[in-house]
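Student: sequence and predicted model, in that order:
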Amino acid sequence: MIEVEKKFILTPEQEKTLIDGAEFLGEKKNIDIGYDGPNFSLTTKDIWLRQRNGKFELKLPMNESLEKRISDQYKELESDEEILAYFNTDIGQTLQDFLDKNGYEPILTIVTTRRKYKKDGFTIDLDSMDFGYNIAEIEYIAEDEKVKEATSAIIEFAKKYNIDTTSVVRGKAVEYLRRNNPKHFQALIDAKIVK
């Protein structure tokens with residue numbers, strides 16, 4: 001299974017219409033600490049390592065090239081053992097020890113208030129970040145071979161609510177780097193991870 005998601009910027013009216021009749025799943029505050037290696041060795045490959053509320057997660061890209069990208073598709077590793085195995089290292093050590101020994105350091109800390117909804121088989125996340133950025137994510141879980149269909153379904157769902165589906169919307173980590181670390185953001189542009 002692959003999580004297929006597309007990010008949107010909503011007007012207050014679009015947000016109200018989108019969540020009208022949706023099942024409210026709850027509100028949660030997430031504290032994300034993003035990590036990267038020397039010379040931005042992870043993020044310039046579109047690999048995102050974060051510690052969310054004390055638990056590590058690694059997002060691995062499943063996207064086509066930037067030019068063809070319509071939605072974001074990532075495989076998520078959610079246990080320290082899986083992440084250590086990805087890095088092909090000794091699972092006898094802690095993940096934090098591995099990161100410390102290999103020069104992986106925090107590059108950002110973001111506090112997000114997330115409101116989660118379910119509607120018509122889609123998950124809707126409304127995120128408000130502590131640095132003044134708000135985005136919506138519409139997600140759909142797809143079988144590996146059904147990614148294009150999932151992307152099309154997300155776009156059609158958004159269009160029903162008059163949401164712009166053509167604009168490129170940055171994720172919270174990328175937007176944070178754009179605002180706070182121009183050198184890192186330029187490295188992502190140079191690596192063709194973002195526009």
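Tutor: Alright, I've got the coordinates.
Student: buried set for the helix ranked longest in the chain?
Tutor: If you go by DSSP state H, the chain has its longest helix at helix 147-159. Buried residues in helix 147-159, counting neighbours by 16 or more other Cβ atoms under 10 Å, are found at V147, A150, T151, A153, I154, I155, F157, A158. No exception for glycine: its C-beta is placed from N, CA and C like everyone else's.
Student: ok, stretch 87-104 next?
Tutor: Applying 16+ other Cβ under 10 Å to stretch 87-104 flags F87, L95, F98, L99, Y104 as buried.
Student: among those residues, which are located in helices?
Tutor: Those of the buried residues of stretch 87-104 lying in helices (DSSP H): L95, F98, L99.
Student: can you give me every residue that contacts the first one?
Tutor: Read it as L95. F56, D80, I83, L84 (Cβ atoms under 8 Å, 6 or more residues apart in numbering).
Student: is it correct that the third one falls within a helix?
Tutor: Yes. According to DSSP: H, G, I helix; E, B strand; the rest coil, I83 belongs to a helix.
Student: got the contact list for it?
Tutor: Residues near I83 by Cβ under 8 Å, 6+ apart: L49, F56, E57, L58, L77, L95.
Student: D46 versus that one, what's the distance?
Tutor: For I83, the distance to D46 equals 16 Å [Cβ to Cβ, to the nearest Å].
Student: of the buried residues of stretch 87-104, which is the nearest to K192?
Tutor: Y104 (22.5 Å; Cβ to Cβ).
Student: so the closest one is in contact with D36, correct?
Tutor: Yes. With contact taken as Cβ atoms under 8 Å, Y104 and D36 are classed as touching, separated by 6.8 Å.
Student: common neighbours of these two, please.
Tutor: In contact with both Y104 and D36: L42, L49, using Cβ under 8 Å, 6+ apart.
Student: for the nearest residue to D46 once chain neighbours are set aside, the count of nearby residues, please.
Tutor: In space, and not counting its chain neighbours, D46 is closest to P61: 4.0 Å by Cβ to Cβ, 6 or more residues apart in numbering. Residues within reach of P61, counting by other Cβ atoms under 10 Å, total 15.
Student: with that, I have no additional questions.
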